[in-house]
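> Just the structure for this:
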Amino acid sequence: MTTSQAPRRMNFPAAQGRSAVKGWLGVPAVTLGIFSLMTSELLPVGLLTPPVPPSTFPGAQRD
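The predicted structure is shown next:
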């Protein structure tokens, strides 16, 4: 017969001389970086004007 034991919780203390708050400050920093990169890549495409049919240009000849 085997006995079951409760699973151990692993506690990882913060690195020496470094608080948990400083570690979590990296999360919004990375999030902001990814957001700015993705926005700078995708925003110009979203701002393009739709193509205009040639017949609406000034001086265009109609058939």
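> quick one: Ser36 from Leu43, how far?
Counting by CB to CB, to the nearest Å, the gap between Ser36 and Leu43 amounts to 10 Å. For glycine as for every other residue, the C-beta is placed from the backbone atoms N, C-alpha and C.
> no, scratch that, I was asking about Gln5
Applying CB to CB, the value for Gln5 to Leu43 is 55 Å.
> Check Pro51 too.
Distance from Pro51 to Leu43, counting by CB to CB: 19 Å.
> Those two: which has the busier surroundings?
Comparing Pro51 with Leu43 by neighbour count (other CB atoms under 10 Å), the higher total belongs to Leu43, at 9 against 6.
> Next, give phi and psi for that one.
phi -60, psi -40 (degrees, to the nearest 10).
> Return the per-residue confidence for it.
You'll see Leu43 listed with a pLDDT of 84.
> Quick check: which ranges of the protein have low pLDDT?
Within the chain, the stretches with pLDDT under 70 are 1-4, 6, 10, 12-17, 52-63.
> any chance you could map the helices in it?
20-24, 26-47 (DSSP state H).
> JSON lines for these, including distance to Arg9?
Converted to JSON lines, the helices of the chain look like this (distance: least, CB to CB, whole Å):
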{"stretch": "helix 20-24", "distance to Arg9": "16"}
{"stretch": "helix 26-47", "distance to Arg9": "22"}
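> do you know which of those helices lies nearest Asn11?
Of all the helices of the chain, helix 20-24 sits nearest to Asn11, with 12.1 Å by CB to CB.
> Give me the helices and strands touching that closest one, please.
Using 3 or more CB pairs under 8 Å, 6 or more residues apart in numbering; DSSP states H and E, no helix or strand is in contact with helix 20-24.
> Just the buried residues of that helix, please?
For helix 20-24, burial by neighbour count (16 or more other CB atoms under 10 Å) applies to no residue.
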